[in-house]
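1. Below are the sequence and a predicted model for it; my questions follow.
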Amino acid sequence: MSSLFNTTPSESMVKLKSFSQPKKHGLVHRLADRSRLLPNLSLTRVSHATNEMLRSFKSPALAGSRENGVAVQAVPSSVLASKDSPAIAVPSTSQALNVEINDWVTSSLSVVVVGASGDLAKKKIFPALFALYYEGLLPEEFQIFGYARSKMSDTDFRDLISSTLTCRIDAAEKCGDAQEKFLKRCFYQAGPYDDSSGFAQLNTKMSEQEVSKPRANRMFFLSIPPNVFIAAAGGAAEQCSSKTGWTRVIVEKPFGRDSTSSRELSDGLSRYLREDQTYRIDHYLGKELIENLTVLRFANLVFEPLWNRDYIKSVQVIFSENFGTEGRGGYFDQYGIIRDVIQNHLLQIVALFAMEPPVSLDAEDIRNEKVKVVRSMQPVQLDDVVLGQYKGRKEKNFNLPGYLDDATVPKGSLTPTFAAIAMHINNARWDGVPFLLKAGKALDNRRAEIRVQFRHIPGNIYKHKMGSNMDNTSNELVIRIQPKESIYLKINNKVPGLGLRLDSTKLDLQYQSTYKKELPDAYERLLLDVVNGDKRLFIRFDELEAAWELYTPMLHEIEAKKVAPELYPYGSRGPVGAHYLAAKYNVRWADLEEESL
Ligand SMILES: NC(=O)C1=CN([C@@H]2O[C@H](COP(=O)(O)OP(=O)(O)OC[C@H]3O[C@@H](n4cnc5c(N)ncnc54)[C@H](OP(=O)(O)O)[C@@H]3O)[C@@H](O)[C@H]2O)C=CC1
Ligand SMILES: O=C1O[C@H](COP(=O)(O)O)[C@@H](O)[C@H](O)[C@H]1O
């Protein structure tokens, strides 16, 4: 427990700061917040966790409040000397403070990548950290520490990171110099995950670098297989918790295999970390178009009134990849596509899509609404599930391997690499609207999108001009998450000319041509949010529990009955069974109707 949790109210003082504007969100606003407040050493970002903590003091004078634009921040008296010109002093306590202070004048930031030799670290984490550094979004005093069992010197580690860094096309200026400076801030410590000795050495190494600022904030990314999550969290928390600032830990999925294992994992982690320190990442929540989903819904009058069972006939959330499990078969076989993609990424999208308007953009308000809608969903029935597994395909010039051809996949595995699922939300807004989720590997293209099918136009006076297939004439809203990020609305329009002929065309927002800016990777957004203590895009423990409750009985049934997946050829459109599932709900998979990307 942090010392602030242990201190009595009298040992802390409360700092009041007036904000003339309401709390803002988004990268630009966060930057604005930071630069606006940087000169003022009393800058503190008031997180929900801090407010919760303040409320728990139960003293009206000390309780946190945001009323009338006044944010209240608790700061230990040992840190702040005076209300107006706070002199910063190193807290005398030897315990971790975990105070929510992001004051980069007085604090340094250390980012520890546990599992630094691994695939995710190289593919996503180091490039994202460099992008944030290049954009000037990290504090002046920051350093990166790699931790893994592999033996490496600092130089080897810098070479490894260097091979992962690229410069953005639209931000290549002085990028080489920035890379060099970035690499000088990288250090490596080898050690085991299940023994605290290595973490103790890491702590020493970190402390040696964290000398220029009185406070050191520490952020850990557990980029390791789940069997070592708890041990590594324990080692990191016990040996490396910051004694002067906050300590936050990012945990990657999989968060268990079912309700029971997920709860065990949460319990294990909670032995070392409080919920407010734990950041469960779902990188789909960091994607630009997903971040935009709530903007689209709640900042445009035209959509929200239609966002219900009266106007929407079905919602489809589609994820497809045109490559197999290449290289990750060992991991994948223990999970399968439902646990790998649907239970987390696609369900999170559905929750954001279908939730009621939150009271505010505060992380807890959003997450409260997400939990509510997930808990309104029916647990998935096996009748509403179609499973598939890709098989090899031989053509004249190439040979595409099947899932079972992967040497790391057990012979005869029944693990699905494709699933289509119908879900139902039992609430007043969505009663009777099928949510069709589809995810597959080794299909004919790579895409992720949300497709909203609107109902037919009642009493349509143009019916005779529109052809007999009413589905082709209904409006459809498509939110393409990737690639070629876009939002378009299919509408019926008069074909220009003297006659009266209608066709279906698009009101089309293409990000590439409209914004002319390379979009940040999801990990950049999410890592920055952790730095800023913003939990809006991270999964709360009760959300996770509710999510597993929807899928666990069905997953167990599949395993108990040894349900065989329908085979589909590598590079195809997936198993035929998926069409029957859609037909059962009187809809078609809309991605199949459209030209491929
Ligand atoms: N890669 C990806 O695209 C994604 C990964 N994830 C999740 O992120 C985490 C990291 O993924 P990824 O980087 O692919 O994982 P890796 O398999 O590459 O493992 C990361 C590191 O952990 C160590 N390690 C590997 N296997 C074991 C083991 N059995 N016991 C102890 N240590 C081991 C290795 O380092 P060393 O031997 O040096 O200690 C390895 O470099 C996982 O939880 C994964 O499920 C989530 C989404 C996507
Ligand atoms: O979490 C995962 O996501 C990736 C797909 O992520 P994307 O950002 O490239 O769309 C998926 O390939 C992987 O199996 C899964 O674990």
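-> Okay, I see it. Please read these numbers as outputs of a predicted model, since none were measured by experiment. Ligands and ions are numbered 1, 2, ... in the order given.

2. can you pull the contacts of the residue of the stretch 251-400 of the chain found nearest ligand 1?
-> At 3.6 Å from ligand 1, Glu252 is the closest residue in the stretch 251-400 of the chain, using Cβ to the nearest ligand atom. Heads up, the C-betas are built off the backbone N, CA and C, glycines and all. Contacts here follow Cβ atoms under 8 Å, 6 or more residues apart in numbering; on that basis Glu252 touches Leu120, Phe221, Leu222, Ser223, Ile281.

3. Now render those as CSV, adding distance to ligand 1 and pLDDT.
-> Below are the contacts of Glu252 laid out as CSV (distance: Cβ to the nearest ligand atom, whole Å; pLDDT from 0 to 100):
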residue, distance to ligand 1, pLDDT
Leu120, 3, 95
Phe221, 9, 98
Leu222, 8, 98
Ser223, 4, 97
Ile281, 8, 97
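
4. Just the residues you listed: which are in helices?
-> Under the assignment DSSP state H, the contacts of Glu252 contribute Leu120 to helices.

5. Among the contacts of Glu252, which ones are in strands?
-> The strands, defined by DSSP state E, take in Phe221, Leu222, Ile281 from those.

6. Pretty sure the first one sits against Ile125.
-> Looking back up the chat, that one is Phe221. Yes: using Cβ atoms under 8 Å, Phe221 is in contact with Ile125, at 5.9 Å.

7. between the two, who's got more neighbours?
-> More crowded of Phe221 and Ile125, by other Cβ atoms under 10 Å: Phe221, with 29 against 25.

8. Setting aside sequence neighbours, what's the nearest residue to that one?
-> Nearest residue to Phe221, sequence neighbours excluded (Cβ to Cβ, 6 or more residues apart in numbering): Ile250, at 4.5 Å.

9. With Phe142 instead?
-> In space, and not counting its chain neighbours, Phe142 is closest to Leu109: 4.2 Å by Cβ to Cβ, 6+ apart.

10. For the residue lying closest to Asn308 once chain neighbours are set aside, grab the count of nearby residues.
-> Excluding its sequence neighbours, the residue lying closest to Asn308 (Cβ to Cβ, 6+ apart) is Arg429, at 4.8 Å. Neighbours of Arg429 under the rule other Cβ under 10 Å: 16.

11. Quick one: residues contacting Arg429.
-> Applying Cβ under 8 Å, 6+ apart, the residues near Arg429 are Trp307, Asn308, Arg309, Ala354, Glu356.

12. any idea where the strands of the stretch 151-300 of the chain begin and end?
-> Using DSSP state E, counting those that start in this stretch, the strands found in the stretch 151-300 of the chain span residues 186-190, 215-222, 247-251, 278-281.

13. now the ones you listed as TSV including distance to ligand 2?
-> Shown next, in TSV, are the strands of the stretch 151-300 of the chain (distance: least, Cβ to the nearest ligand atom, whole Å):
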stretch	distance to ligand 2
strand 186-190	25
strand 215-222	15
strand 247-251	13
strand 278-281	10
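
14. and among those, the most buried is which?
-> strand 215-222 (a mean of 26; mean count of other Cβ atoms under 10 Å).

15. Would you mind measuring from Pro226 to Glu545?
-> In this view, Pro226 and Glu545 are 17 Å apart by Cβ to Cβ, to the nearest Å.

16. Around ligand 2, pick out the residues from the chain.
-> For the chain, the residues in contact with ligand 2 (Cβ under 6 Å from any ligand atom) are His283, Glu321, Asp340, Val341, Ala448.

17. re earlier: assign a three-state SS to the residue nearest to Asn308, would you?
-> Secondary structure for Arg429, judged by DSSP: H, G, I helix; E, B strand; the rest coil, is coil.

18. Which secondary structure element is home to Ile491?
-> Assigned by DSSP states H and E, Ile491 belongs to strand 486-494.

19. Can you tell me what sits against that strand?
-> Applying Cβ under 8 Å, 6+ apart, the external contacts of strand 486-494 come out as 289, 292, 296, 462, 466, 473, 475-480, 500-511.

20. Averaged pLDDT, it. What do you get?
-> Strand 486-494 comes out with an average pLDDT of 95.

21. Which positions in it come out as buried?
-> For strand 486-494, a neighbour-count test (16 or more other Cβ atoms under 10 Å) marks Ser486, Ile487, Tyr488, Leu489, Lys490, Asn492 as buried.

22. Could you export that strand as PDB, CA atoms only?
-> Listed next in PDB are the C-alpha coordinates belonging to strand 486-494 (Å, rounded to 0.1, in the frame of the first residue of the first chain):
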ATOM      1  CA  SER A 486     -12.800   5.600 -43.100                       C
ATOM      2  CA  ILE A 487     -16.400   6.300 -42.200                       C
ATOM      3  CA  TYR A 488     -19.100   6.100 -44.800                       C
ATOM      4  CA  LEU A 489     -22.800   6.100 -45.100                       C
ATOM      5  CA  LYS A 490     -24.500   4.300 -47.900                       C
ATOM      6  CA  ILE A 491     -27.400   6.300 -49.200                       C
ATOM      7  CA  ASN A 492     -29.800   6.100 -52.100                       C
ATOM      8  CA  ASN A 493     -29.200   8.900 -54.600                       C
ATOM      9  CA  LYS A 494     -30.700   9.900 -57.900                       C
END
